[in-house]
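Engineer: Give me a 3D structure for the following:
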Amino acid sequence: MARLIISADGPDSVAGWRAAFHHVAPDLETCSWYDPDLEPRADDYALVWTPSSADLARMKGLRAIICTGAGVNHLLDDPAFPAHVPLVRMGGDQTAALMADYVLWAALGLLRDARTWALQQAAEVWRNNRVSRTCAETRVGIMGMGHLGAYVARHLHHVGFVVSGWRRSARDVPGIRVFAGDAALPDFLRDVDVLVNLLPSTTRTRGMINYDLLAQLPRGAGLINVGRGNHVVQADLVRALDEGLLGGAVLDVTVPEPLPAGDPLWSHERITVTPHVASEASREAQVRYVVDVIGQMERNERPALLCDPRRGY
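Structural biologist: As a prediction, the model looks like this:
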């Protein structure tokens, strides 16, 4: 029978995780990774977030590793990660819906220049910065059209934005124009008023959003980064904002996290920073997703978000 070993969020969180699993799936056996008497078995699953290299080395004989985050580059980048063990990324309907709602909020904020309202309120200034453009007149481009990107694209399209997407390889998304490959990237960027980054973090995508890329957007465009902080060259972003190439940015991910005191991103008048909260599903939603993944693997089915270590996501 399957057993889930809980490592995620440290030893103090194990009891809360176990209680949630008992509520959702009382027949699933759970135990703590931090139990000194634990002896991992070949049919065990591990639930992780940021395990140590030593912990990863001990997981080399497990049935699968399930990450509580959608991004797994921090695991794959660790030399101790057992690449032969299946790794499944966090997903589920609530994770995708939360991301879509966050991007919608950020896109509307950039469209209406809400950052200016916040600064004016803090300074007790009443000044009309009227914006008359609607979402139907605003082009949103999403870089990264995987599970989350496609969901976000459909959500924004339903609201009324003009939505397009870009990814490395071709994929059809009903109602969305999808550009594919490096050769199509300039054409994609040329028609984007708000650029949304949802790329996976790989050796090819880290630092990809630099000054040269941002300069290909229409002047005054906005940037929403909900992928990884290392996708964006932050000094280039500040330069693009200061020169007026970009009109604003919303950053849910940065390098480092959390941002240190005094970092220029905190105080820049055209940047809104949020503390990596875009799509953190509830504990119950995460538990239900994990239970579903274990059930699929026990039936020898392939989970939709099974990671390909060669691709990095």
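Engineer: For the residue lying closest to residue 3 once chain neighbours are set aside, list the residues it contacts.
Structural biologist: Of all residues beyond its chain neighbours, the one nearest residue 3 is residue 29 (4.4 Å), with distances taken as C-beta to C-beta, 6 or more residues apart in numbering. Just so you know, the C-beta spots here come from the backbone N, C-alpha and C atoms, and that holds for glycine as well. Residue 29 is in contact with 1, 2, 3, 4, counting by C-beta atoms under 8 Å, 6 or more residues apart in numbering.
Engineer: switch to 10 Å and redo it
Structural biologist: 1, 2, 3, 4, 5, 21, 44 (C-beta atoms under 10 Å, 6 or more residues apart in numbering).
Engineer: So the first one versus residue 20, what's the distance?
Structural biologist: Same thing as residue 1. 19 Å (C-beta to C-beta, to the nearest Å).
Engineer: so what secondary structure elements neighbour the helix or strand that contains residue 99?
Structural biologist: In the assignment (DSSP states H and E), residue 99 maps to helix 93-111. Helix 93-111 makes packing contacts with helix 114-122, strand 139-143, helix 147-159, strand 194-197, strand 221-225, strand 246-251, strand 271-273, helix 283-298 when contacts are defined by 3 or more C-beta pairs under 10 Å, 6 or more residues apart in numbering; DSSP states H and E.
Engineer: who wins for proximity to residue 65 among these?
Structural biologist: Among the helices and strands packed on helix 93-111, helix 283-298 comes nearest to residue 65, with 10.7 Å by C-beta to C-beta.
Engineer: That closest one: which residues count as buried?
Structural biologist: 283, 285, 286, 287, 288, 289, 290, 291, 293, 294, 297 (16 or more other C-beta atoms under 10 Å).
Engineer: Which elements pack onto it?
Structural biologist: Helix 283-298 packs on strand 3-6, helix 14-24, strand 44-48, strand 64-67, strand 87-88, helix 93-111, going by 3+ C-beta pairs under 10 Å, 6+ apart.
Engineer: secondary structure element for the nearest residue to residue 53 once chain neighbours are set aside?
Structural biologist: In space, and not counting its chain neighbours, residue 53 is closest to residue 80: 3.9 Å by C-beta to C-beta, 6+ apart. Following DSSP H and E, there is no helix or strand that holds residue 80.
Engineer: what about residue 239, neighbour count?
Structural biologist: Counted with other C-beta atoms under 10 Å, the neighbours of residue 239 add up to 16.
Engineer: Quick check: nearest residue in space to it, chain neighbours excluded?
Structural biologist: Per C-beta to C-beta, 6+ apart, closest to residue 239 is residue 211, 6.0 Å.
Engineer: And residue 155, by the same measure?
Structural biologist: Take residue 155 and drop its neighbours on the chain: the residue closest to it by C-beta to C-beta, 6+ apart is residue 100, 3.7 Å away.
Engineer: before we move on, back to that, more crowded one of residue 1 and residue 20?
Structural biologist: More crowded of residue 1 and residue 20, by other C-beta under 10 Å: residue 20, with 19 against 7.
Engineer: pLDDT at the more buried one, what is it?
Structural biologist: Listed pLDDT for residue 20 reads 97.
Engineer: mind checking how far the residue nearest to residue 53 is from residue 62?
Structural biologist: In terms of C-beta to C-beta, residue 80 sits 13 Å off from residue 62.
Engineer: before we move on, what about residue 135?
Structural biologist: For residue 135, the distance to residue 62 - C-beta to C-beta - is 46 Å.
Engineer: In the helix or strand bottoming out on mean pLDDT in the chain, which residues are buried?
Structural biologist: One helix or strand of the chain scores below all others by mean pLDDT, DSSP states H and E: helix 73-76, with a mean of 93. Of the residues in helix 73-76, 73, 75, 76 count as buried by neighbour count, 16+ other C-beta under 10 Å.
Engineer: cool, and stretch 137-154?
Structural biologist: 138-154.
Engineer: what does stretch 198-210 give?
Structural biologist: With the criterion 16+ other C-beta under 10 Å, stretch 198-210 contains buried residues 198, 199, 200, 201, 202, 205, 206, 208, 209, 210.
Engineer: what sits opposite residue 249 in the beta ladder?
Structural biologist: Listed beta-bridge partners, residue 249: residue 223, residue 271 (assigned using DSSP bridges).
Engineer: starting at the chain centroid, how far to stretch 291-307?
Structural biologist: Offset of stretch 291-307 from its chain centre (C-alpha atoms, centre = their mean, to the nearest Å): 21 Å.
Engineer: ugh, wrong one, stretch 138-147
Structural biologist: 13 Å.
Engineer: To what extent is residue 187 buried, counted in neighbours?
Structural biologist: 12.
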